[in-house]
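Fold the following for me, if possible:
(chains A and B)
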Amino acid sequence: MVFSSTVFLFIFLPAVTAAYYVIGHALTRRMTVKNGILLAASLVFYAWGEPVYIVLMAISILFNYFIGRDIDLARQEGNARRAKTAFIFAIVFNLALLGFFKYFGFLTENLNAWFHLNLRRFPLPLPIGISFYTFQILSYVIDLYHDRIRVQKDLLSFALYVTLFPQLIAGPIVKYRDVAEQLAHRKESLYRYSRGLTRFTVGLAKKLLLANTLGAVYSTVQAQGAAATGLLGAWTGIVCYTLQIYFDFSGYSDMAIGLGGMFGFRFNENFNYPYMAQNVTDFWRRWHISLSTWFKEYVYIPLGGNRCSKLMNVRNLMVVWLLTGLWHGAAWNFILWGVYYGVLLTAEKYLLGNALKKLPRPAAHALTLLAVAVGWVLFSAPTLTEAVSYLGSMCGFHGLLDASARYLFTTNLPVMLCGALAATTLWKKPLSRLSPRVVSRAKIVALPLLLILCVIFMISETYNPFLYFRF
Amino acid sequence: MNEDKRQPNETASDRAARRRRQQKATDRVCVTAAALVITLVLLLGCVFSLTGQDKAYSENENRWLAGKPRLTFSSLADGKFMKDAETYFSDQFPLRDRLVRARTYIAIFCGQSERNDVYIGKKHFLFEKPAAYEEERMNATLGAIDGVSRRYPDVRSFIAVAPNASEILPELLPHNAPRQDQTAQIQKIYESLPEITSVDLCAAFKDAGHRDRLYYRTDHHWTTAGAELAFRKIAEIMGLDTRGSSYISYPVCSDFQGTLASSAGFFRAQDTISVIVPGAELKYTVNYTDEKITRPSVFDLSKLSQKNRYEVFFGGNFAQVRIETDADSERELLIVKDSYANCLVPMLLPYFKTVIMVDPRYYRGNFDQLMERETVTDMLWLYNANTLLTDTSIAARM
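Residues are numbered from 1 along each chain as shown, chains lettered A, B, ... in the order given. So this is what the prediction gives:
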């Protein structure tokens, strides 16, 4: 199920909220019941899109629950070897599942092409959210082995941690230790519910009003092909994509954090105005924070981090960014995108850092945005040649104006400006001139209005006039 | 500084802290109120979605809406139930048509000027996005047309491709809207068919006095005035003697909102549909071959009370329609056409003893057998540019 659908908004969410607060909160007042309701809801939510993979998820949950108990038991008995064996087995098992479902097709395709082999391919659809929940599970197993958390003995709580629907399909990646306490004890309140629901509404608006509208512009540009796109069209396209991907992803994070809040959970922030960053390092401190901290904690630091020779540090950086690229998808352009950031971050750290610091702030900001936009070209292009060709369009190699560039630019400029304001902290400036009281009161009208706008956008996307039938 | 009289001992920082606390409390109340209103909206949506009366058909979308999904084990296992439920709830959502209209106004407010591939132009004029000339597809279509004319060299062949509104009324298009040079596209089509006599409609349309009356504002068809202009041009090339014929048009409805209005969700304008009655003394019968129906009129006035009122002409598109007249003529005309012809054909009737209309998009018969059966003397390919440029049925059927 996706958040931006009628079934989720008008059936699922009211039903789950009602069940949670009426049965769980008012009638029984027991955390087990509340967790049970959320688990059942999460399973329905997951099965809605991919009923078959619920089995895979169940296997994953049971396996990790029991291996967690085993690691804990082995350590209590002082059997370090068995704990280690179980730990390694758990890591291999989880990565193998992820690898098989996410990367096997890509791997065989490339092996077949390079070595003229004829390996069998399994054209399986990617289980939704597998990258997210595998990383969540790994955070549990790794922290457990390193004795940073206590084992979870309650299967219900563990299953809920893995499947919790707010962050199940698009993050943020919640580390077990951040919610371990909340699974057993959390406080719901009317204000927390309200803050959560309003946060959810803002996220929904980011997705439906901004991301989808901007995405349509980029699709138009992409559809005409890079070779037929002039300078203005290419920049219009990539600016729209840059904004789209931010609103899409941060909108999902807002919705997840908001939904969590409605049920008393507190998740860490995942975005912090990344397009305000002054350099690429800063950008990655603000973009998809839960993923970059995950990689930092579970890959970069175990590899030695920066407490080693320069050469090893560069290796560590490159490994982390190669994996980050690969995590985003099984395709060469994601790998290239990861390597691109590996190189940029290494360069910033060892070569250009001081030079960049001397730049005036607006110049540094602009340079960062340029680097990020070029990154999105690599990220979004269907093929590598198309990406190179698109960069050529951005340099004006395919002319300045194509037939539709002026039209696309002028008709979408207001939306792009709205997006640019909302993606940066600029929107706060005019509001800071008003009295805070007025701003607070305006929320009573503005936030419900935002929801109604979302409904208008959501419903009209399903409007499919079918005209070519005996017209 | 403005001292607070009631608490004289309070320092400036205390006061600021107290204000912050007050402001925070106000904000909590407001956020809670906003959330309660949102909850109410969601609950109302929920109640109305579950209890509302289902609509079977959407006139604006010209399609059947989804009904309640059927819950079976297999539909649950393969996810069909879930997909059907999503479609069902969005198809039957309360106030759906109004929300779609609101979406169009929001788009216009934000400076956009198209919805669902329809340009929303000036003076509430709506335009179909013009189609591009795709070499491969057009080669197939033109090859098929050329093949027909070569197979029947004794039949006089004519082709008339009507430009669309975007070509004739560029000044009403949205600012900067990308368009195609249809005059050049049509010229290219004509040049690829040297065996067929072509009728240049672009020049006649561009020179017309009231260009904005040649097309409906809310529909992708030409008006009866547009069709009449085309008819005069076609008659001239085909050598029909139209002297002494009178063409009086009668308005039959003035609240027509056509396919483009529906597509765009933009219903600000209404159009008038007029009909031109073929020669007063002319007697004829209209035979719908596949349907085995004979009607006494080329007009189906019952369609005027339906959504798509352009269907008043012949009742819409049919695979094959055969019209027998008592005209004083030995000529028999075969028209291969799209819906633009429906409005024009009535004017051609007084000059032929038989007129046969074939619409390749629906025609499933054998075209060559038809030609053998009939004694066709004239053949006219009558299309609008957008349909011909995107058509695949001529290549498949002819």
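
If we ignore the residues flanking it in sequence, what's nearest residue 123?
Chain wasn't specified; assuming chain A. A:G105 (6.7 Å; C-beta to C-beta, 6 or more residues apart in numbering or on different chains). (Glycine included, C-beta is placed from N, CA and C.)

Oops, wrong one, chain B.
B:L172 (6.0 Å).

How many residues are close by the one you found?
21 (other C-beta atoms under 10 Å in any protein chain shown).

pretty sure it is touching B:F125, no?
Yes: B:L172 lies in contact with B:F125 (C-beta atoms under 8 Å); the separation is 4.5 Å.

Name the residues of stretch B:35-52 that are buried.
Under the neighbour-count criterion of 16 or more other C-beta atoms under 10 Å in any protein chain shown, stretch B:35-52 has B:A35, B:L36, B:V37, B:I38, B:T39, B:V41, B:L42, B:G45, B:C46, B:S49 buried.

and the residue nearest to B:K123, backbone torsions?
phi -100, psi -10 (degrees, to the nearest 10).

pLDDT score for residue 143?
This is for chain A. A:D143 carries a pLDDT value of 95.

please go with chain B instead
At B:G143, pLDDT is 96.

helix or strand for the closest residue to it other than its chain neighbours, which one?
Closest residue to B:G143 apart from its sequence neighbours, by C-beta to C-beta, 6+ apart: B:A395 at 7.2 Å. If you go by DSSP states H and E, B:A395 is part of helix B:393-397.

Now find how far off-centre that helix is within its chain.
Here helix B:393-397 is found 21 Å from its chain centre; the criterion is C-alpha atoms, centre = their mean, to the nearest Å.

which of the residues in it are buried?
Buried, per 16+ other C-beta under 10 Å, within helix B:393-397: B:S393, B:I394, B:A395, B:R397.

where does the first one land on pLDDT?
The pLDDT attached to B:S393 in the predicted structure is 92.

any low-confidence regions in the stretch 151-300 of chain B?
B:244, B:280 (pLDDT under 70).

mind redoing it with 90?
Low-confidence segments of the stretch 151-300 of chain B (pLDDT under 90): B:209, B:241-249, B:277-282.

can you map out the strands along it?
B:156-162, B:197-199, B:249-256, B:271-276, B:284-288, B:293-295 (DSSP state E, counting those that start in this stretch).

In TSV, list those along with mean neighbour count and distance to chain A.
TSV is the format used below for those (neighbours: other C-beta atoms under 10 Å in any protein chain shown; distance: least, C-beta to the nearest C-beta, whole Å):
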stretch	mean neighbour count	distance to chain A
strand B:156-162	23	16
strand B:197-199	19	24
strand B:249-256	14	13
strand B:271-276	19	15
strand B:284-288	18	13
strand B:293-295	13	15
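
Can you give the contact residues for stretch B:137-153?
In this structure, residues lying in contact with stretch B:137-153 by C-beta atoms under 8 Å, 6 or more residues apart in numbering or on different chains are B:155, B:157, B:159, B:189, B:192-193, B:195-196, B:367-368, B:371, B:376, B:379, B:381, B:388-392, B:394-395, B:398.

what's the burial count for residue 143?
In the absence of a named chain, this looks at chain A. With other C-beta under 10 Å as criterion, A:D143 counts 18.

hmm, I had chain B in mind actually
Neighbour tally, B:G143, other C-beta under 10 Å: 14.

SS state for it?
helix (DSSP: H, G, I helix; E, B strand; the rest coil).

any idea which helix or strand carries A:G261?
helix A:231-262.

what packs against that helix?
When contacts are defined as 3 or more C-beta pairs under 8 Å, 6 or more residues apart in numbering or on different chains; DSSP states H and E, helix A:231-262 packs onto helix A:165-168, helix A:190-205, helix A:212-223, helix A:361-380, helix A:384-394, helix A:405-423.

Is any residue of the second one near chain B?
Yes: contact between helix A:190-205 and chain B, assessed by C-beta under 8 Å from any C-beta of the partner chain, occurs at A:L190, A:Y191, A:Y193, A:S194, A:R195, A:L197, A:T198, A:T201.

can the residues you listed go into JSON lines with extra columns for neighbour count?
What follows is the residues of helix A:190-205 next to chain B, written out as JSON lines (neighbours: other C-beta atoms under 10 Å in any protein chain shown):
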{"residue": "A:L190", "neighbour count": "12"}
{"residue": "A:Y191", "neighbour count": "14"}
{"residue": "A:Y193", "neighbour count": "22"}
{"residue": "A:S194", "neighbour count": "24"}
{"residue": "A:R195", "neighbour count": "21"}
{"residue": "A:L197", "neighbour count": "25"}
{"residue": "A:T198", "neighbour count": "25"}
{"residue": "A:T201", "neighbour count": "26"}
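
and which of those residues is nearest chain B?
Among those, A:S194 lies closest to chain B (C-beta to the nearest C-beta), at 3.4 Å.

Check the spacing between that closest one and A:T385 real quick.
51 Å (C-beta to C-beta, to the nearest Å).

check contacts around the residue nearest to B:V118 when sequence neighbours are not counted.
Among residues not flanking B:V118 along the chain, B:A264 sits closest, at 4.1 Å (C-beta to C-beta, 6+ apart). If you count contacts by C-beta under 8 Å, 6+ apart, B:A264 has them with B:T104, B:E114, B:R115, B:N116, B:V118, B:I120, B:L126.

now the fourth one, nearest residue through space, not along the chain?
Think B:N116. Nearest non-adjacent residue to B:N116 (C-beta to C-beta, 6+ apart): B:S263, at 4.8 Å.

Please identify, among the contacts of B:A264, the one with the most neighbours.
Going by other C-beta under 10 Å, B:L126 tops those with 29 neighbours.

tell me what the helix or strand hosting B:I356 is packed against?
If you go by DSSP H and E, B:I356 is part of strand B:354-358. Here strand B:354-358 touches strand B:320-325, strand B:332-337, helix B:340-348, helix B:367-373, going by 3+ C-beta pairs under 8 Å, 6+ apart.

what's the angle between it and strand B:332-337?
20 degrees (axes from the mean of the first three to the mean of the last three C-alpha atoms, to 10 degrees).

coming back round to it: return only those of the buried residues of stretch B:35-52 found close to chain A.
Answer for these near chain A (C-beta under 8 Å from any C-beta): B:A35, B:L36, B:V37, B:I38, B:T39, B:V41, B:L42, B:G45, B:C46, B:S49.

Specify which member of those residues is nearest to B:V286.
B:S49 (46.1 Å; C-beta to C-beta).

surely the closest one meets A:L9?
No: at 9.8 Å, B:S49 does not count as touching A:L9 under the criterion of C-beta under 8 Å.

How about the contacts made by the residue located most distally from the centre of chain B?
Ranked by distance from the centre of chain B (C-alpha atoms, centre = their mean), the top residue is B:N9, with 76.6 Å. The contact partners of B:N9, by C-beta under 8 Å, 6+ apart, come to none.

Noted, bye for now.
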